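Enquirer: Provided below are the primary sequence and the corresponding predicted coordinates.
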Amino acid sequence: MLKFFISLITVLCLGELLISAPVLAQTWIPVRGGISYGISGISLIDKQLDKLDFLIVHDNKTSNQARLAIISSQGKNQPEYLPLSWPDNIKLPIDLEALTVIPETNNSEFVALSSDGIAYHLKLVFKNKTISLIQEFELPKTNKNNNFESFSLQKIDNQLIAMWGHRGNGKETARIYWGNFDLNKYQINNIQSTNFNVPYPDGNVRHISDLKIDNAGIVYITATNDNGNDGPFQSAVYVAGYLGVHDNKIQWRQNQQLFPIYRDNYHKIEGLEIIPGVEGGIIVGSDDENMGAAIYMIGR
């Protein structure tokens, strides 16, 4: 319980910091134009001074479109973009919507998730810019109508915890799921879930378009609305709640007073990553459909 209140204080302080930051002086940085380059998931590979390297996933569906890419960002320069070849003789995934690093793999192993719950354990050799598939597996069957846009792994109190979300749509509520992830068996055990809705944006809102867990157990989510391939778009970032372990059981404490720690009136945010360190913050990536993709660092 004490750990929860300490974490809650941290969240409140972070919220004040992000709200008061001079964000108006900062701008989104374009990555690529065009509907096939939208960022639907993003995960940190490497951080060196002001240079950041990320693995991203695209929600593409046809055979001539990339599924994975590396983007390298330095300062306010347009990021370098390098598409990766999907492993040979492995069926191309359809509609990849989320990406997370696997803890304690030196940022070299990841899980990518498609909207229908098919997951891919991937290994990246960053030096050679190659990707290989270790295992394909499925998330537990929870609801046949689920549409997933988020998946995150974090090690908390020596337990590997998975959290993922059904996005919801407008008045249809989103739903968050979590449980213990057995990486050896590719099984998620002790699954629990709860409904989740955001106050902003409204309309055709996807209440969960991505989520990530930091190493203190704080859960951040993005929400966005989708008004078609030409927008307009609106998005927000929230502190959704706190994950902890008590008596060897996962406990979820949802934030009952949601407010955006960041909001945007021009981009459809579908990618979220936490960057550690003094120069870090929260980076978000957009899938702006016909307008392509862009990234933005909150808190820097």
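Expert: Looks like it came in fine. Predicted, not measured: the structure shown is a model, and the values here were computed from it. Numbers count the residues shown, from 1 in each chain.
Enquirer: Would you mind measuring from the residue located most distally from the centre of the chain to D182?
Expert: When distances are taken from the C-alpha mean of the chain, D247 lies farthest, 28.6 Å away, according to C-alpha atoms, centre = their mean. Note on D247: its distance to D182, by C-beta to C-beta, to the nearest Å, is 20 Å. From N, CA and C alone the C-beta is placed, and that goes for glycine too.
Enquirer: give the contact list for N255.
Expert: Contacts for N255 were tallied using C-beta atoms under 8 Å, 6 or more residues apart in numbering; they are V11, Y238, V239, A240, G241, Y242.
Enquirer: And what about the second one, helix, strand or coil?
Expert: The one in question is Y238. Under DSSP: H, G, I helix; E, B strand; the rest coil, the three-state class of Y238 is strand.
Enquirer: what's the burial count for it?
Expert: Y238 has 25 neighbours, counted by other C-beta atoms under 10 Å.
Enquirer: again with I274
Expert: For I274, using other C-beta under 10 Å, the count is 18.
Enquirer: Just confirm it contacts I298, I think it does.
Expert: No: using C-beta atoms under 8 Å, I274 is not in contact with I298, being 10.2 Å away.
Enquirer: any shared contact partners between those two?
Expert: By the contact definition C-beta under 8 Å, 6+ apart, I274 and I298 are jointly contacted by I282.
Enquirer: Can you list the buried residues in stretch 227-236?
Expert: In terms of neighbour count (16 or more other C-beta atoms under 10 Å), stretch 227-236 has its buried residues at G231, F233, Q234, S235, A236.
Enquirer: Those in helices, which ones?
Expert: Secondary structure defined by DSSP state H assigns none of the buried residues of stretch 227-236 to helices.
Enquirer: Between which two of those is the distance greatest?
Expert: The widest separation within the buried residues of stretch 227-236, taken as C-beta to C-beta, falls between G231 and A236 and amounts to 15.5 Å.
Enquirer: From N248, how far out is G38?
Expert: In terms of C-beta to C-beta, G38 sits 40 Å off from N248.
Enquirer: Please identify which of the two sits among more neighbours.
Expert: Neighbours per residue, other C-beta under 10 Å: of G38 and N248, the larger number sits with G38, 26 against 10.
Enquirer: Now that one. Nearest residue, chain neighbours left out?
Expert: Distance criterion C-beta to C-beta, 6 or more residues apart in numbering; nearest residue to G38, sequence neighbours excluded, is D287 at 3.0 Å.
Enquirer: Mind checking what secondary structure S36 has?
Expert: Strictly by three-state DSSP, S36 counts as helix.
Enquirer: Which stretches in the stretch 1-150 of the chain count as helices?
Expert: Assigned by DSSP state H, counting those that start in this stretch, the stretch 1-150 of the chain shows helices spanning 2-20.
Enquirer: could you show me where the strands are in it, in order?
Expert: With DSSP state E, counting those that start in this stretch as the criterion, the stretch 1-150 of the chain has strands at 29-32, 41-48, 51-57, 68-74, 80-84, 96-101, 109-114, 118-125, 130-138, 148-156.
Enquirer: so which of those is the most packed in?
Expert: Looking across these with neighbours counted as mean count of other C-beta atoms under 10 Å, the highest average goes to strand 96-101: a mean of 26.
Enquirer: chain center to that one, what's the gap?
Expert: 6 Å (C-alpha atoms, centre = their mean, to the nearest Å).
Enquirer: what does the average pLDDT come to for it?
Expert: Computed over strand 96-101, the mean pLDDT rounds to 98.
Enquirer: what packs against that strand?
Expert: The elements that strand 96-101 packs onto, with contact taken as 3 or more C-beta pairs under 8 Å, 6 or more residues apart in numbering; DSSP states H and E, are strand 41-48, strand 51-57, strand 109-114, strand 148-156.
Enquirer: partners of the third one in the sheet?
Expert: Looking at strand 109-114 with DSSP bridges, its paired strands and their directions are strand 96-101 (antiparallel), strand 118-125 (antiparallel).
Enquirer: what residues does the longest one touch?
Expert: In this case it means strand 118-125. For strand 118-125, using C-beta under 8 Å, 6+ apart, the contacting residues are 45, 55, 68, 93, 96, 102, 108-113, 130-139, 151, 186.
Enquirer: The shortest one too?
Expert: Around strand 96-101, the neighbours that count as contacts under C-beta under 8 Å, 6+ apart are 40-44, 55-60, 67-68, 107, 109-115, 120, 148-153, 164, 210, 212, 270-271.
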